[in-house]
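>>> Quick check, what structure comes out for this input:
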Amino acid sequence: MILVDKKIREYIKSGKIKVEPFDESMIGPASLDVRLGHKFRVFKILEKEVIDVKDYYDDVYTRVETKEYIIHIGKYSDLYILKNDNVPIIIHPGEFILASIYEYIELPDNIVGQIHGRSSIGRLGLIVHTSAGYIDPGYRGYLTLEIINVNRVPIKIYPKTKIAQIFFIETESSEVPYDKRKGSKYLNEEGATGSLISKDFNNNF
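Below is the predicted model:
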């Protein structure tokens, strides 16, 4: 059963679904709007023929701080942390980035989430979730968005912009929810988390 506004409000206020910070105006008829966070992962142009999923480790080499950003420089991508809400991120045509949402989310063992881009964002040519839109029961953390600009011009976006919406589906209780499942790679993620796919091929859980 998809939760409607009154159930979403009830479950958040009771703590069954955790959303922090919670703004009641973000509740729609059958969804909850979520905002863009302050973390963005920008991928580098590399002189590399192929990325091997068995050997993908985006190690951080150094940390740089500017007036507007804190930047963690990695092997394949750089993580930008914006220092205030007025600092934008510019996404160029065809560019793919990862971004955090502003809200921290926790789901119980009997509620599934589904995240979708907002129509107003999509009409600009910005796809905010290219693949992994499913949120398991037992998930907790700051969701990572997989954003791509399919417009012909760059798009400038800002932290706390309403960018996506989550639908909640009530189910039977999961026997092994995400927070109890061995190998839940993105549990407690802090947002704009890069791929941890290499862990699928080893025992580093």
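>>> Looking at this protein, which helix is longest?
Under DSSP state H, the helix in the chain containing the largest number of residues is helix 5-14.
>>> Return the set of buried residues in that helix.
7, 8, 9, 11, 12 (16 or more other C-beta atoms under 10 Å). Quick note: C-beta positions are derived from backbone N, CA and C, even for glycine.
>>> Quick check: the residue nearest to the fourth one when sequence neighbours are not counted vs residue 7, distance?
The reference is to residue 11. Spatial nearest neighbour of residue 11, chain neighbours left out: residue 17 (4.4 Å); criterion: C-beta to C-beta, 6 or more residues apart in numbering. When distances are taken as C-beta to C-beta, to the nearest Å, residue 17 and residue 7 turn out to be 10 Å apart.
>>> Find residues that contact each of those two.
Counting by C-beta atoms under 8 Å, 6 or more residues apart in numbering, the contacts common to residue 17 and residue 7 are residue 168.
>>> Contact partners for the closest residue to residue 46 other than its chain neighbours?
Once flanking residues are discounted, residue 46 sits nearest to residue 76: 6.9 Å by C-beta to C-beta, 6+ apart. Counting by C-beta under 8 Å, 6+ apart, residue 76 touches 43, 44, 46, 51, 56, 58, 194.
>>> Can you tell me the SS state at the third one?
What DSSP: H, G, I helix; E, B strand; the rest coil gives for residue 46 is coil.
>>> No further questions, thank you.
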